[in-house]
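Asker: quick one, structure for this:
(one chain, ligands or ions: 1)
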Amino acid sequence: MGTKYCPVCKEVVDAKVLGRYSQVEFMGIPVKRRKIIHLEEDGGCGHEWYTVEIAEEVLEL
Ligand SMILES: [Zn+2]
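Answerer: Below is the predicted model:
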């Protein structure tokens, strides 16, 4: 479990990470991709989605 932003509920909720993450490229940037579910048994909406984690250094801010 962890706090994640659910794109359906449009708020930060307790959501579960499913399985392992994969290291992929997203828009040419190396990112960590995870599948997330907002479990209905935890009062969530049941939606599944993916998140990507990006090192700040690769973003030219
Ligand atoms: Zn939700």
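Asker: tell me which residues in stretch 15-27 are buried?
Answerer: Using 16 or more other CB atoms under 10 Å as the test for burial, stretch 15-27 gives A15, K16, Y21. The C-beta positions use only the backbone N, C-alpha and C, and glycine is treated the same way.
Asker: how far away is E25 from K32?
Answerer: 11 Å (CB to CB, to the nearest Å).
Asker: residues contacting the spatially closest residue to E11 that is not a sequence neighbour?
Answerer: Computed as CB to CB, 6 or more residues apart in numbering, the closest residue to E11 that is not its neighbour in sequence is Y5, at 7.2 Å. Contacts for Y5 were tallied using CB atoms under 8 Å, 6 or more residues apart in numbering; they are E11, V12, V13.
Asker: element containing Y5?
Answerer: strand 2-6 (DSSP states H and E).
Asker: show me which residues of this structure sit near the ion.
Answerer: C6, V8, C9, H38, G44, C45, H47 (CB under 5 Å from the ion).
Asker: what's the burial count for the third one?
Answerer: I take that to be C9. 13 (other CB atoms under 10 Å).
Asker: hang on, it packs against G44?
Answerer: Yes - using CB atoms under 8 Å, C9 makes contact with G44 at a distance of 7.3 Å.
Asker: overlap in contacts, these two.
Answerer: What both C9 and G44 touch, as defined by CB under 8 Å, 6+ apart, is the set H38.
Asker: what helix or strand is G46 on?
Answerer: Assigned by DSSP H and E, G46 belongs to no helix or strand.
Asker: could you check how far it is from H38?
Answerer: Taking CB to CB, one finds G46 at 7 Å from H38.
Asker: more crowded one of these two?
Answerer: The neighbour count for G46 versus H38, taken as other CB under 10 Å, is higher for H38 (21 against 11).
Asker: so who does that one touch?
Answerer: K4, C6, V8, C9, V13, A15, K16, G44, C45, G46, H47, E48.
Asker: ok, those vs I54, which is closest?
Answerer: The shortest approach to I54 among the contacts of H38 belongs to K4, at 15.3 Å (CB to CB).
Asker: contact partners for the closest one?
Answerer: V12, V13, A15, I36, H38, T51.
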